[in-house]
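Trainee: Give me a model of this one.
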Amino acid sequence: MQVFSPCLLVLLVAGLAAAQRLNNCPTMWSGAGEYCYQFFKQPLPWQEASNFCSKFSSCATGAAASLLKLDSAQADTRLEKFLSPKGNPSPPNTWIGLGDPMNTGQLTWPDGTTTQSVGYNNFGQGGRNGNCALKDTRTNQWTFAPCTQANSFVCQMQRSVPPQTGGPGTNFPSRPV
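Mentor: Have a look, this model is predicted:
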């Protein structure tokens, strides 16, 4: 039995390494479309969450990760499923990358684009109570909060090797539970 155990361990490690190569994402990150995603439950203010995301980078491009950009209704819907895997409750507020933390009057995504240039937004009714956007999973809409408020967040980064199918920001994987 002792001979079998090391062999089983080697096979397990080799299998995990192969699965990681197929995913083309860092360990514990999930891949879909051209991006890898990771949900972080630890609440942080928007700028700290953005800085935290930027500590990760793509092995292929060297580009830093960022807070999540939602550029389509399909991406937004898939985020809802990503945040609530298998019927598990999701956190009520999750930072996304849209914000104006310096109060310039212009909301931008981490790549510098605006909701106008992207052509998609999912803002709910009500006034603007802050300069940073979050996904409210109770209403499945975006809302604003003070950038100093601490919330969970989702980071995204370019995959090591882009897949053959899928578009940017359109497919979210199942989040590890």
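
Trainee: What number of residues are in the vicinity of residue 91?
Mentor: When neighbours are defined as other CB atoms under 10 Å, residue 91 has 16 of them. C-beta: built from backbone N, CA, C; applies to glycine.

Trainee: ok, for it, nearest residue in space, not its chain neighbours?
Mentor: Closest residue to residue 91 apart from its sequence neighbours, by CB to CB, 6 or more residues apart in numbering: residue 152 at 4.5 Å.

Trainee: nearest spatial neighbour of residue 148, skipping sequence neighbours?
Mentor: residue 45 (5.0 Å).

Trainee: what do you get for residue 70?
Mentor: Nearest to residue 70 is residue 76, by CB to CB, 6+ apart, at 5.0 Å.

Trainee: What distance do you get for residue 75 to residue 128?
Mentor: Residue 75 sits 22 Å away from residue 128, going by CB to CB, to the nearest Å.

Trainee: The two: which is more packed in?
Mentor: Taking other CB under 10 Å, residue 75 and residue 128 do not tie; residue 75 has more neighbours (23 against 12).

Trainee: Verify the stated contact: residue 136 with residue 125.
Mentor: No - using CB atoms under 8 Å, residue 136 makes no contact with residue 125, being 11.6 Å away.
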